[in-house]
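Undergrad: Could you work out the structure for the sequence below:
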Amino acid sequence: AQASLFAGNPVFGESDHDPNAGDDPSQRPSDGANILTGIPYPYQLLHFSGSKILSNDQLSVWMIDPAASELHPVAGDLNAGAELKAGPCASARFADILGSALGTDGTLYLADWATNAILAVSNPLDAGTCTVNYLAGTAAEVDTADINFDAQAGNYGTQDGTGSAAQFYGPESMTIDSSNNLYVLDHGTGW
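TA: Numbers count the residues shown, from 1 in each chain. Below is the predicted model:
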């Protein structure tokens, strides 16, 4: 077996090779950057959607075009601070995406840890119709001043329910089955 570097920089975020140095979001690639030579932010899961790949960092969703060796932002402002805002993908914002899953219909589901919300990104490969909607948990917009990044922003708790009645306390990893049942691991409730 052979492994090859496809994208990224193995020392990205390690100032002077200091492993404690944080990744700098301002060093993310621009739209269309060549992923073989650019310096992408550390991505999470890869979701294959046709000939494209969807992925995310903690503040935005990306589309990877392997044929063109390019990255394109899908949702989330590359330069905005951490906040949560639903709506058209071009103006949507995320605070701390720590989980994602791709449904059979192409909807990308996101777990926003800091705001305890589950969001749905509809039509993520179509910039004209792409939207971000609240699915479960917090249904209120928050901004950087309200987030302390310990999963206590917004409507946190341990309540079963539908939509905004549901409460999470640090949703992280997620997966989806062939019937589009979404499963979320909730850190604060012991999974």
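
Undergrad: got any ranges where this structure has weak pLDDT?
TA: Confidence mapping of the chain against pLDDT under 70 gives the ranges 1-43, 77-82, 138-154, 190-191.

Undergrad: hey, what's Y156 bridged with?
TA: Y156 has the following beta-bridge partners by DSSP bridges: F168.

Undergrad: neighbours of it, just the number please.
TA: Counted with other Cβ atoms under 10 Å, the neighbours of Y156 add up to 21. To be clear about C-beta, it is placed using only N, CA and C from the backbone, and glycine gets the same treatment.

Undergrad: what do you get for G161?
TA: G161: 11 neighbours (other Cβ under 10 Å).

Undergrad: That one should be in a strand, yeah?
TA: No: according to DSSP: H, G, I helix; E, B strand; the rest coil, the state of G161 is coil, so it is not within a strand.

Undergrad: With A136 as the reference, measure out to it.
TA: Counting by Cβ to Cβ, to the nearest Å, the gap from G161 to A136 is 8 Å.

Undergrad: do S69 as well
TA: For S69, the distance to A136 - Cβ to Cβ - is 36 Å.

Undergrad: So for the two, which residue has more residues nearby?
TA: Set side by side, S69 and A136 show more neighbours around A136, with 23 against 16, by other Cβ under 10 Å.

Undergrad: Can I get the host helix or strand of that one as CSV, trimmed to CA atoms?
TA: Using DSSP states H and E, A136 sits in strand 131-137. Taking Å, rounded to 0.1, in the frame of the first residue of the first chain, the C-alpha atoms of strand 131-137 are listed here in CSV:
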residue,chain,number,x,y,z
THR,A,131,-29.6,27.2,2.2
VAL,A,132,-28.8,26.6,5.8
ASN,A,133,-31.7,25.7,8.2
TYR,A,134,-32.0,24.9,11.9
LEU,A,135,-32.9,21.2,12.3
ALA,A,136,-32.7,20.7,16.1
GLY,A,137,-31.5,22.5,19.1
